[in-house]
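S.K.: compute the structure for the input listed below.
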Amino acid sequence: VKFAMHIEDCSSRQLSKEMVKKLVLQSQEAKKRAYCPYSKFRVGAALLTMDNYVFTGCNVENACYNLGVCAERNAMSKAVSEGYRSFKAIAIASDMDDHFISPCGGCRQFMREFGPNWDVYMSKPDGSYRKMRVDELLPASFGPEDLSMKKVFDIPNEY
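M.R.: Model (predicted):
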């Protein structure tokens, strides 16, 4: 069973156009495995770790709609389950011709859990893409570091 693919030519944090193209193609391949009998809206994702491994994911729907899992969260969960926590980029693919696929709010927050400063490539079926960083997709966000901020634990009872 193959969980991730290692990429040799990607040493810097900045991805070459060729590397982005490969990542987008992998997200398009992942999209083909989507299980979406209800929405018929296929989504695939390809996540690149800091160690240059690619984990793919697809959306998986459920008859109990809120139990479905998005492609982006699927890819990130696979990576985390294999010990990866730092990411360079994620590419996302769908079948929409007229719009770049954008991650939902839940996926944006899930991405933010692993840092605000990594790239999201939102693509179209023709391979074109729009690049944004996580912090651009989710400005003024809440993250793990916010949990260590000073809190008020004892609020005086004024009643």
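S.K.: the helices in the protein, which residues?
M.R.: Ranges of helices in the chain, per DSSP state H, are 17-31, 71-81, 105-112, 134-137.
S.K.: closest to Gly143 out of those helices?
M.R.: Nearest to Gly143 among the helices of the chain is helix 105-112 (5.4 Å), distances taken as CB to CB. C-betas here are computed from N, CA, C, even on glycine.
S.K.: for the closest one, packing partners?
M.R.: Other elements packing on helix 105-112 under the criterion 3 or more CB pairs under 8 Å, 6 or more residues apart in numbering; DSSP states H and E are helix 71-81, helix 134-137.
S.K.: just the CA trace of the longest one, in CSV.
M.R.: Output of helix 71-81 as CSV, limited to C-alpha atoms (Å, rounded to 0.1, in the frame of the first residue of the first chain):
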residue,chain,number,x,y,z
ALA,A,71,-10.2,16.1,0.2
GLU,A,72,-7.9,18.6,1.9
ARG,A,73,-8.6,17.3,5.4
ASN,A,74,-8.3,13.8,4.1
ALA,A,75,-4.8,14.5,2.7
MET,A,76,-3.7,16.3,5.9
SER,A,77,-5.0,13.6,8.2
LYS,A,78,-3.1,11.0,6.2
ALA,A,79,0.1,13.0,6.5
VAL,A,80,-0.4,13.6,10.2
SER,A,81,-1.1,9.9,10.8
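S.K.: name the residues that touch it?
M.R.: Applying CB atoms under 8 Å, 6 or more residues apart in numbering, the contact partners of helix 71-81 are 3-4, 27, 30-31, 34, 43-47, 49, 53, 55-60, 69, 87, 90, 92, 103, 106-107, 110-111, 114.
S.K.: now the angle from that helix to helix 17-31?
M.R.: Note on geometry: by axes from the mean of the first three to the mean of the last three CA atoms, to 10 degrees, helix 71-81 and helix 17-31 are set 100 degrees apart in direction.
S.K.: average pLDDT for helix 71-81?
M.R.: Mean per-residue pLDDT for helix 71-81: 98.
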